[in-house]
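Peer 1: Below: sequence and its predicted model.
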Amino acid sequence: MGANLDITEKLQNYINDFGLKLNPVQEEIINYNKSLGDIKRMQVDPTQCYFLHLLIKVSNIKNVLEIGTFTGLSALSILLALPDDGKLIALDKNDETNKIALSFFEKAKQTHKIKTIIKPALKSLEELKDKKFDMVFIDADKMNYKEYYEKSLRMLNQGGLIIIDNVLWHGEVADEKNNDKFTVYIREFNKFVSEDKRVEQIIIPLGDGMTICRVL
């Protein structure tokens, strides 16, 4: 019976050597985030950048909504994969990190594809409720994941994708003895999505875990 490999750092480096390469500006964002201390954990893993890139390409995605942008690594990964007439709307409430992200988008010559909105995401989602997207990427405050998910579902075209980050929560969701409020919430959210008949979904163990949902 087959089994998943344990991905060591050495094996991950081997995989990276034979896969897609990051754009130099993506590398700049990663290096910048290393200087931020513990908050750098808000960044997606490079393996997730590769995955988002290919998913957008093979699915012919053109219109994307991102909930939670931080310093822009996931957003830039999306922008670089979108066609020249594609569009990303990125929601975040932090004006300072948004300015940093915008500087990276400008350096990568991707500003023509992106609109950023700085305010609480639930308010932005209400204002955008009549728009339609091919894909939504959710990577924001965890306690609002269910609300983001529900609002995103109503904004997606049929066959559209919702991708949700941090669903394995450092592996703690599988520890039944862990009753930390965030762990419990993510665990309950995962159960809710797994039982949702409006989508078909899988969890992929990239980064901190990603759920990919396709709207039926």
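Peer 2: Structure received.
Peer 1: and the next element down the chain from the helix or strand bottoming out on mean pLDDT in the chain?
Peer 2: One helix or strand of the chain scores below all others by mean pLDDT, DSSP states H and E: helix 9-17, with a mean of 91. Downstream of helix 9-17, the first helix or strand assigned by DSSP states H and E is helix 24-34.
Peer 1: Phi, psi for Leu156 please.
Peer 2: Per-residue torsions, Leu156: phi -100, psi 140 (degrees, to the nearest 10).
Peer 1: give the contact list for the closest residue to it other than its chain neighbours.
Peer 2: Counting by Cβ to Cβ, 6 or more residues apart in numbering, Leu156 lies nearest to Val215, which is 5.0 Å off, once chain neighbours are set aside. C-beta: built from backbone N, CA, C; applies to glycine. Counting by Cβ atoms under 8 Å, 6 or more residues apart in numbering, Val215 touches Leu153, Leu156, Asn157, Gln158, Gly159, Gly160, Leu161, Ile162, Arg198, Val199.
Peer 1: per-residue confidence for the last one?
Peer 2: This points to Val199. At Val199, the pLDDT value in this model is 97.
Peer 1: Now the most centrally placed residue in the chain: which helix or strand?
Peer 2: Among the residues of the chain, the one closest to the centroid is Phe137, at 4.4 Å (Cα atoms, centre = their mean). Per DSSP H and E, Phe137 falls inside strand 133-138.
Peer 1: next SSE after the one helix or strand Val184 maps to?
Peer 2: Assigned by DSSP H and E, Val184 belongs to helix 181-194. Of the helices and strands lying after helix 181-194 in sequence (DSSP H and E), the nearest is strand 199-204.
Peer 1: in that next one, what's buried?
Peer 2: Buried residues in strand 199-204, counted by 16 or more other Cβ atoms under 10 Å: Val199, Gln201, Ile203.
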